[in-house]
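K.L.:
coords please:
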Amino acid sequence: MCGINGVIRLIDKLKAEKDVAAMNQTVKHRGPDDSGQFTDYFVSLGHRRLSIIDLSSAGHQPMFSKDESIVVVFNGEIYNFKDIRGQIGDYQFNTHTDTEVIIAAYLKWGISFIHHLDGMFAIALYDKKEEKVFLIRDRLGVKPIYYHQSAANEIYFSSEIRGIRAVDGFKGELDRESIYEYLTYQTVTSENTLVKGVKMLDAGTYAVISKTSFDIQTYWSPQYQTNNNLSYENTVKDVRELLFQAVEKRMMSDVPFGAFLSGGIDSSAIVAAMSECGVKPNTFNINFSEGEFSEAQYARLIAKKFNTNHTELNLKPEYFLSLLPAAVHALDHPSIDGLNTFIVSKATKEAGISVALSGVGGDEWFAGYPVFKRIHHNELSKFKAIPKFLRLPGSRILNALSKNEGWSKKLELLGSELNNSDLHKAERKLFTNDQIKSLLNKTNTRIVTKDSIKNISDLSIEEWKYYLMPILLRDTDQMGMAHSLEIREPFLDYKLVEYLLSVPDSFKFGPKPKQLLVSAMGNLLPDEIVSRPKMGFVLPYEIWMKNDLKPYVKEGLNILKNHELFNERGISGLEEKYFEKKNLVKWNMIWSLAVLGHWINNNKIE
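P.N.:
Down below sits the predicted model:
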């Protein structure tokens with residue numbers, strides 16, 4: 001895992017070299033083992049290396065073709081690089097790296113080489129002869145590429161927003177349209193970010209940049225076409241085989257690796273598959289003194305069953321508070337969900353591990369969240385008998401009378417069309433439209449348009465677009481790389497995902513949660529794991545925020561109160577309801593604002 005940076009269509013060569021050097025230094029945590037730069041008349045490329053495959057100096061980047069006409073900087077892993085290497089018979093390799101395979105594959109197949117890649121990757125490839133730069137992002141958006149086009153038509157790109165912010169003269173401003181989206185869905189989706197002018201290359205796309213053009217092409221997108229000829233028995237066998245292959249290929253490493261083990265079905269399945277592949281993994285678990293939040297007993301059960309080298313970190317509020325400044329500083333883009341990954345990544349790296357497998361993505365593709373069951377059972381049908389002209393004013397009246405901010409989403413849903421998309425929006429919303437208006441002074445609004453949801457595969461794709469990719473995967477990348485830890489996600493294997501999108505909806509539901517995954521694991525998972533109620537991996541924020549974390553939370557809220565974009569009265573009213581009255585405001589509403597305030601302050605966002 002690494003960090004890539006660059007300037008394209010450079011105007012001032014000396015400035016570009018200095019900017020890329022500054023970008024490299026800013027993302028040093030992503031690759032502490034080595035750094036490199038290359039500059040010519042058209043581009044300046046930079047790289048920070050975390051050595052995972054071929055630890056020798058042969059893996060230095062930027063890497064060149066023999067005639068130096070192709071230059072590559074690369075972040076990620078190509079899991080099938082040895083297979084691709086075997087298909088290229090007319091290239092003399094000098095290293096054992098997957099980076100050199102990218103160069104050879106491009107020379108053989110041109111840009112269509114990306115269809116041969118199986119992995120997680122963010123690639124910048126410069127073809128000197130064609131005078132083009134290709135920026136390429138993996139199919140499911142595991143690895144990020146951010147970019148900015150200046151008024152002078154220069155293109156800056158980096159693995160992190162802070163890399164672009166390191167460019168001399170770049171002005172980091174808060175994007176007024178994106179702030180509305182952040183408050184609605186806890187993140188900013190698609191190509192946008194909270195920093196004005198900084199965009200993210202979408203998953204499954206590549207940009208082609210020449211002197212006169214900037215084109216973005218889609219080379220992969222998730223498609224569903226239900227295969228009704230599948231039997232449940234054969235589907236279970238196929239899923240098991242695909243999952244075990246996904247795990248096995250992600251254990252490719254020249255450094256020690258481990259696995260995050262929460263004790264839930266997903267992480268337990270990953271550890272079980274690693275064990276079946278002949279590996280005794282190092283496992284890591286965070287637990288809490290607050291018993292209702294701790295899954296430690298289940299993690300211990302799996303660790304004992306598969307004889308792992310198990311490490312537990314009992315997280316107390318005072319220790320969490322001591323880590324908070326560094327954790328929030330590590331947030332390249334604000335999130336309310338990433339601090340747990342920061343902590344477990346820290347413990348994993350301190351144990352000497354450089355690569356860890358994670359169970360992220362299991363809920364999205366195996367229908368693990370409650371919203372999947374609610375849509376599958378058509379839960380809203382009972383309300384559709386009430387005409388909308390009666391529901392709409394009724395919901396508004398109830399909302400005006402209710403003092404409980406947590407009810408607002410449900411009441412807003414009651415006044416909608418009551419389709420699956422409306423239910424999904426309500427499930428993922430943080431604040432309602434009316435609540436956001438009370439928190440902000442006049443601002444621009446960007447409405448996020450979501451696709452219609454007809455079946456469970458549709459919902460899986462929507463969850464990937466609007467929750468998994470912009471929140472969980474971004475958190476995994478930024479929090480793992482804050483500790484120079486590479487995190488790999490077997491449930492994000494594109495072959496497994498494509499197969500699951502073809503599976504009939506009925507196969508994904510049954511007496512057990514995530515029935516298809518449970519069936520695929522056979523007897524590897526104990527009944528205590530698969531039959532217990534679902535617990536999300538959430539820190540005890542509700543308890544800590546009203547005690548040890550209270551000063552930190554209030555400090556973050558005060559930053560927003562003094563910001564011209566935010567309404568002081570609206571934030572103070574929400575704050576008062578949370579701290580002085582019971583159960584009227586959910587903890588994640590307050591925490592999202594506090595984290596946002598600290599992020600704005602830490603990054604000097606104007």
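K.L.:
so what's the residue nearest to residue 203 when sequence neighbours are not counted up against?
P.N.:
Using C-beta to C-beta, 6 or more residues apart in numbering and skipping residues adjacent in sequence, the residue nearest residue 203 is residue 141, 3.1 Å away. Bear in mind the C-beta positions are built from the backbone N, C-alpha and C, glycine included. For residue 141, the set of contacting residues under the criterion of C-beta atoms under 8 Å, 6 or more residues apart in numbering consists of 202, 203, 204, 469, 473.
K.L.:
how would you label residue 141: helix, strand or coil?
P.N.:
The local conformation at residue 141, judged by DSSP: H, G, I helix; E, B strand; the rest coil, is coil.
K.L.:
Quick check: the gap between it and residue 343.
P.N.:
Distance of residue 141 to residue 343, given as C-beta to C-beta, to the nearest Å: 24 Å.
K.L.:
Looks like residue 529 contacts residue 301 (just checking).
P.N.:
Yes - between residue 529 and residue 301 there is a contact under C-beta atoms under 8 Å: 6.9 Å.
K.L.:
which of these two has more neighbours?
P.N.:
Set side by side, residue 529 and residue 301 show more neighbours around residue 529, with 23 against 17, by other C-beta atoms under 10 Å.
K.L.:
is it true that the more buried one lies in a helix?
P.N.:
Yes - for residue 529, which was evaluated using three-state DSSP, the result is membership in a helix.
K.L.:
Show the pLDDT at it.
P.N.:
Per-residue pLDDT puts residue 529 at 92.
K.L.:
Now the phi/psi pair for residue 136, please.
P.N.:
The phi and psi values for residue 136, taken as degrees, to the nearest 10, are phi -130, psi 130.
K.L.:
Over to residue 372?
P.N.:
Dihedral pair for residue 372: phi -60, psi -50, per degrees, to the nearest 10.
K.L.:
any idea how far residue 459 is from it?
P.N.:
Note on residue 372: its distance to residue 459, by C-beta to C-beta, is 6 Å.
K.L.:
Name the residue closest to the centre of this protein, please.
P.N.:
Most central in the chain under C-alpha atoms, centre = their mean is residue 473, positioned 1.3 Å from the mean C-alpha point.
K.L.:
In a helix, it, correct?
P.N.:
Yes - with three-state DSSP as the criterion, residue 473 is part of a helix.
K.L.:
wait, what's in contact with it?
P.N.:
Shown in contact with residue 473 (C-beta under 8 Å, 6+ apart): 140, 141, 142, 360, 489, 492.
K.L.:
do that again at 7 Å, thanks
P.N.:
Under the criterion of C-beta atoms under 7 Å, 6 or more residues apart in numbering, the contact list for residue 473 reads 141, 142.
K.L.:
again with residue 606
P.N.:
For residue 606, the set of contacting residues under the criterion of C-beta under 7 Å, 6+ apart consists of 171, 172, 173, 174.
K.L.:
Do you have the helices of the stretch 451-600 of the chain handy? List them.
P.N.:
456-463, 474-481, 494-500, 515-521, 527-530, 541-544, 550-561, 568-580, 587-602 (DSSP state H, counting those that start in this stretch).
K.L.:
quick one: buried residues of the fifth one?
P.N.:
So the one you mean is helix 527-530. By neighbour count, with 16 or more other C-beta atoms under 10 Å as the criterion, the buried positions of helix 527-530 are 529, 530.
K.L.:
Name the residues that touch that helix?
P.N.:
The contact list for helix 527-530 (C-beta under 7 Å, 6+ apart) reads 265, 268, 298, 301, 302, 512, 518.
K.L.:
Much appreciated, bye for now.
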